[in-house]
Every structure is written in structure tokens, then in C-alpha cells.
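# Pasting the sequence and the predicted coordinates here, then a few questions.
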Amino acid sequence: MIRVFDNKEQLDCEHLALDSVGRLLVLDWKNKNVVLLDEHLKFNRILIDKKRLDNAEPLTLSHNKNNNRLAVGLGNGQVKIFEYNV
């Protein structure tokens with residue numbers, strides 16, 4: 001488990017990926033979101049929250065560095081594709 005947010009909150013890391021500029025994408029299964037950490041592993045922002053995941057459990061994460069798209073596999077059998085700005 002990685003501690004961030006000045007040790008006030010914890011991420012339950014299931015899958016990790018690096019984006020095209022070296023930041024870490026973290027699939028946080030417990031909180032049902034995808035978080036972006038900077039190159040120093042400091043919190044940057046929540047990229048995808050549980051509302052955008054339809055409150056489904058995120059199980060897998062894949063990142064395409066060529067177009068900055070994220071594929072998130074969900075526990076309900078769906079795969080959702082998201083774009084984000086670098």
C-alpha cells in the first residue's frame with residue numbers, strides 16, 4: 001500500500017501504470033477511482049472517480065501512451081475508456 005496525502009489517507013493499489021511524462025496512474029480499488037501521482041509520488045488529482053465508473057469496482061487498468069487513453073476493466077464486466085490531458 002502507498003501512503004499519500006500527508007499520510008492522512010491510503011490508496012489500495014491494485015494496478016499501476018506510467019503515463020507519457022512519467023507520472024503514476026493508480027487504480028484504487030477500495031475507493032473506486034483512478035488517481036494520478038506526480039513523479040515524486042505526491043498526489044496530483046483524482047482522474048476518474050467512482051461516479052464516472054458507475055460505482056462499479058475497478059479491477060484492471062491499461063494506459064495507451066500514444067493517445068493518453070485509459071481502459072478500466074470493471075467488476076460488472078464492462079470496460080470503460082477515458083481520455084485525460086497530460
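That came through, no problem.

# Run through the residues that contact Glu14.
Counting by CB atoms under 8 Å, 6 or more residues apart in numbering, Glu14 makes contact with Leu27, Asp28, Trp29, Pro58, Leu59, Thr60, Leu61. (Glycine included, C-beta is placed from N, CA and C.)

# Just the ones of the residues you listed in strands?
Applying DSSP state E to those, the entries found in strands are Leu27, Asp28, Pro58, Leu59, Thr60, Leu61.

# want to try a markdown table for these, with neighbour count, distance to Cys13 and pLDDT as columns?
Converted to a markdown table, the ones in strands among the contacts of Glu14 look like this (neighbours: other CB atoms under 10 Å; distance: CB to CB, whole Å; pLDDT from 0 to 100):
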| residue | neighbour count | distance to Cys13 | pLDDT |
| --- | --- | --- | --- |
| Leu27 | 24 | 7 | 92 |
| Asp28 | 22 | 7 | 90 |
| Pro58 | 22 | 11 | 93 |
| Leu59 | 16 | 13 | 93 |
| Thr60 | 13 | 13 | 93 |
| Leu61 | 19 | 10 | 94 |
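
# Make TSV out of these and add distance to Asp12.
Formatted as TSV, these follow (distance: CB to CB, whole Å):
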residue	distance to Asp12
Leu27	9
Asp28	6
Pro58	11
Leu59	12
Thr60	14
Leu61	13
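
# Need the max-distance pair from those residues.
Asp28 and Thr60 (13.0 Å; CB to CB).

# In the contacts of Glu14, find the pair that's most separated.
Asp28 and Thr60 (13.0 Å).

# All the strands of this structure, residue numbers only.
Using DSSP E, strands in the chain cover 2-4, 9-11, 13-18, 24-28, 33-37, 43-48, 58-64, 69-74, 79-83.

# tell me the angle the third one makes with strand 58-64.
Taking axes from the mean of the first three to the mean of the last three CA atoms, to 10 degrees, strand 13-18 and strand 58-64 form an angle of 0 degrees between their directions.
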